[in-house]
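# Sharing a model prediction with you, sequence too.
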Amino acid sequence: MARLAGVSRQTVSNVLNGRAAFSRDTESRVVAAMEELAYKPSRAAQTMRSRRTRQLGYHMSGEQLEVARGFTLGFVQALVKAAAREEHQIVVFTHHGDDPGPVFRDLIARRGVDAFILDESSVDDSRVRLLAAEGVPFACFGRTATDLPQQWVDVDNLAGMLQLVDYLVSAGHRDYAFAGANGTEYWKRERLDGLRLGLARHGLDIADDNVFRGTDGEIRRWVGELLRRRPPSAIVTSSDAVAVVVVNSCHAAGFRVGRDIAVTGFDGGAIGLLTEPPLTGVRIPVDRVARELVARCQEEISSGPTGRPGLLVPTELAVGGSA
């Protein structure tokens, strides 16, 4: 290739890897040589010409890599399919330590991806602030602070829980408990708020001592105590992962889920299909969320900051056998 382009091997390496300085003429000759030598597909040549990799970076934290996080696996699958339809690839990466900044800066400096997709973002997310400051295209599954670009897609947690409560009340449930994971994230708060509001609309409420947040082990112990003290008609949870813990705790206490007591989840991923019986709950439409995120990234890549508002996607009611 170097001989055909009339340059040195080191110059070819520099052009391919974007290192050192070289003229437009040199770059054009290397690209032409690549095409003449029939690279198929000539992604490297296309990348150099367009300055695009046709790759979107998806950041995962260590917690998201845990086996129990079944929702994340389904979301990644949806992202890969959505990107493939647009002839893009998803590059999954993580970080070491407490600060994800260095790995983001490295990918930005190397132009390793054209845009970033984030999820489980906090409202004032350091990753979002870094990308916004660098002017790098991105889209978030989860809302951002008002002083940041509103490049987010999210689900309407409140409306989803209201729909679930209507279903439970119509099925005759009157006495409720709530179990959720630790944390102050807005979606966890919205799901409990939606439960309270939905019950109030039906003239019902939930006792404070019937609301609990904790680790899996703490939830397991609390459910056992709750069932010994005064079993509710239904236990609503903040996620499918929590619902699995509650279902197993009910079985251990001798309760038949779906018959003696109702248990509901919130996510609608594969993990909810593995319980016995399968979970009833709120389903997040991950395929649509993934398509919207990829589309937003493409718009930012092609046209720069769009200034568009965030998008709330409606959830769906998934009826299994648990309620």
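Ah, there it is. Numbers count the residues shown, from 1 in each chain.

# rest of the way, CA atoms for contacts and neighbours
Noted.

# hang on, residue 95 packs against residue 61?
Yes. Using CA atoms under 8 Å, residue 95 makes contact with residue 61 at a distance of 7.0 Å.

# Give me the common contacts of those two.
Residues within reach of residue 95 and of residue 61 at once, by CA atoms under 8 Å, 6 or more residues apart in numbering: there are none.

# give the contact list for residue 220.
Applying CA under 8 Å, 6+ apart, the residues near residue 220 are 245-246, 249.

# Could you report the separation of it from residue 262?
Residue 220 sits 16 Å away from residue 262, going by CA to CA, to the nearest Å.

# again, but for residue 316
19 Å.

# Tell me who's in contact with the closest residue to residue 54 other than its chain neighbours.
In this structure, residue 54 finds its nearest non-sequential neighbour in residue 88, 4.9 Å apart by CA to CA, 6 or more residues apart in numbering. By CA under 8 Å, 6+ apart, the contact set of residue 88 is 54-56.

# Am I right that residue 288 sits in a helix?
Yes. Assigned with DSSP: H, G, I helix; E, B strand; the rest coil, residue 288 falls within a helix.

# gap between stretch 164-179 and the chain center?
27 Å (CA atoms, centre = their mean, to the nearest Å).

# ok so, going back, out of the contacts of residue 220, the closest to residue 321 would be?
Nearest to residue 321 among the contacts of residue 220: residue 246, at 14.5 Å, using CA to CA.

# Does anything pack onto the host helix or strand of that closest one? Which helices or strands?
Assigned by DSSP states H and E, residue 246 falls within helix 240-252. With contacts defined as 3 or more CA pairs under 8 Å, 6 or more residues apart in numbering; DSSP states H and E, helix 240-252 has these neighbours: strand 176-181, helix 216-229, strand 262-267.

# Neighbours of residue 318, how many?
20 (other CA atoms under 10 Å).

# And for residue 167?
16.

# Surely it forms part of a helix?
Yes. Membership of residue 167 in a helix is supported by three-state DSSP.
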